[in-house]
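In: this one's sequence-less:
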Ligand code: GLY
């Protein structure tokens, strides 16, 4: 089968170990395979995020941090340059929150939260899971070392897609929602590129980070220069990483260690 054009980057989150880039490699490969199978780029990118959610070493899906009450809540989002956006927030009980976000993008809604998101995911036949630690075992929010949202961005020569999934901030109040499901905060995709951020969600959303990064892409800077500029918006105390893909190429970086992989298929 002829290899289809694809530029893809996946990351395991700001603060994830560089030694865990075998997982982000697998995610890139999953995106490539799904794209080869004509499943659509949004589906292919979601498949990459499923691999990261199932890995267990990143703060998403199976590996998610617990909240202060010991429970796990998920935020996830997808966006493409064709005008699709879907997200879930503070959703409990599903193995692959990115699939719920993708399903939301196919409805008249943009974001579903909490019990309503879980009911919707159940109605879609998505696989349930139980992720719960001992109550009270969540870490102190103020000393939480990392947030580690996972993400993937891709371009097939026509469409740009960005996707994110996270367990949120370790030890945070239940119901806390970060940047991931907020359009233009954690992710953005338009006709010139796609951006996926990771790190301190409060800081990322207050800087409208993904949209401002996308505006730099529109201005025409080099991918690496744009990544460097976005990183410069964050003090070193605020974990931050970003991956992006443009018509000129792709780049990624972080002010922490970060597992990430990129591949260009001609
Ligand atoms: N960046 C993910 C979060 O703060 O929830």
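Out: Ah, there it is. Fair warning: this is a prediction, and the values are worked out from it, not measured in the lab.

In: quick check: residues of the protein near the ligand?
Out: 75, 147, 149, 166, 168-169, 178-180, 198-199, 201, 204 (C-beta under 6 Å from any ligand atom). In short, each C-beta sits where N, CA and C put it, glycine included.

In: how many neighbours does residue 41 have?
Out: 25 (other C-beta atoms under 10 Å).

In: separation between it and the ligand?
Out: 23 Å (C-beta to the nearest ligand atom, to the nearest Å).

In: same check, this time on residue 21
Out: Counting by C-beta to the nearest ligand atom, the gap from residue 21 to the ligand is 19 Å.

In: how about the helices in the stretch 151-266 of the chain?
Out: With helices called from DSSP state H, counting those that start in this stretch, the stretch 151-266 of the chain shows them at 201-206, 209-219, 223-232.

In: any chance of those helices in a markdown table, plus mean neighbour count?
Out: As requested, the helices of the stretch 151-266 of the chain are exported to a markdown table (neighbours: other C-beta atoms under 10 Å):
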| stretch | mean neighbour count |
| --- | --- |
| helix 201-206 | 20 |
| helix 209-219 | 19 |
| helix 223-232 | 17 |
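
In: let me have the ones you listed in CSV, adding distance to residue 258 as columns.
Out: Below are these laid out as CSV (distance: least, C-beta to C-beta, whole Å):
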stretch, distance to residue 258
helix 201-206, 14
helix 209-219, 15
helix 223-232, 11
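
In: make TSV out of the ones you listed and add mean pLDDT and distance to residue 18.
Out: TSV is the format used below for the helices of the stretch 151-266 of the chain (pLDDT from 0 to 100; distance: least, C-beta to C-beta, whole Å):
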stretch	mean pLDDT	distance to residue 18
helix 201-206	97	21
helix 209-219	98	22
helix 223-232	98	16
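
In: those: which one's closest to residue 238?
Out: helix 201-206 (4.4 Å; C-beta to C-beta).
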